[in-house]
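K.L.:
following is a predicted model, sequence given first.
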Amino acid sequence: MIEYLMTEPARLLNIIDRSKAPIAAFNLGLAVCLNEAARQRLGILDNGSVQLTTNACPILHPDPKDQGRILQAGQYTLSIKPSLEFIKKHRRTTFDFLGLPIKSALLDIGDALKEHNYLDNEPALEFFRHIRNGIAHGNRFNIKSLTRTAKFKNLTIDLPLHGTKVLPDWEGGGFLHLGDCLELIDTVRNEVVRFYE
């Protein structure tokens, strides 16, 4: 369904539901990148590249009567080899990479919930708000005060967490693990359904 035709509950649920697909795809892709045999079986050449469209440098139509009309979007060529070399050299950072799509999902869902004032600020939604805020502040909790209970499963967010890591990185630590984030997203989805019933 086209998003602008959706009801607000349906739009929120769509944002939540579509957030998981890139997480799975990214993690599968990273696994392939780290496995040379898998890259060879799939025909992914280490000296290949990925083409990404750009808006900044389009190719304009050469015909004077179509002057100014875009013939083709510009392209940025991302060479695969330097990326693979970086991953091989810095294997510990692979763990950081695994969190990127989850962080993105948390930010997207949080932005959508913010438009609705986090609905009724149930403890799980308040918990999610603090997690999203911490991700936006460099993966560190930024808790100035607590006015509502922020609880998810057996975890509670309180003032001593200020400045600590939200998610683990290659050095370890972190309040939540990546799987916890996916369970939290499921819980938020259930809260949205409950709120709009």
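P.N.:
All right, it came through fine.
K.L.:
spell out which residues make up each domain of the chain.
P.N.:
14-19+90-196, 47-80 (automatic domain parsing).
K.L.:
of those domains, which shows the lowest average pLDDT?
P.N.:
Note on those: lowest mean pLDDT is at domain 47-80, with a mean of 68.
K.L.:
returning to that earlier point: quick one: the domains of the chain as a markdown table, columns for distance to Leu30 and mean neighbour count too.
P.N.:
(Each C-beta comes from the backbone N, C-alpha and C, glycine too.) Shown next, in a markdown table, are the domains of the chain (distance: least, CB to CB, whole Å; neighbours: other CB atoms under 10 Å):
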| stretch | distance to Leu30 | mean neighbour count |
| --- | --- | --- |
| domain 14-19+90-196 | 6 | 16 |
| domain 47-80 | 13 | 10 |
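K.L.:
how about CSV for these, with distance to Leu28 added?
P.N.:
Formatted as CSV, the domains of the chain follow (distance: least, CB to CB, whole Å):
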stretch, distance to Leu28
domain 14-19+90-196, 11
domain 47-80, 16
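K.L.:
so who does the residue lying closest to Ala136 once chain neighbours are set aside touch?
P.N.:
Excluding its sequence neighbours, the residue lying closest to Ala136 (CB to CB, 6 or more residues apart in numbering) is Leu107, at 6.4 Å. Neighbouring residues of Leu107 by CB atoms under 8 Å, 6 or more residues apart in numbering: 132, 135-136.
K.L.:
next one: Phe26
P.N.:
98, 100-101.
K.L.:
and what about it, helix, strand or coil?
P.N.:
helix (DSSP: H, G, I helix; E, B strand; the rest coil).
K.L.:
tell me the phi and psi of Lys165?
P.N.:
Backbone torsions of Lys165, given as degrees, to the nearest 10, read phi -70, psi 140.
K.L.:
also Ser79?
P.N.:
According to degrees, to the nearest 10, Ser79 has phi -70, psi 130.
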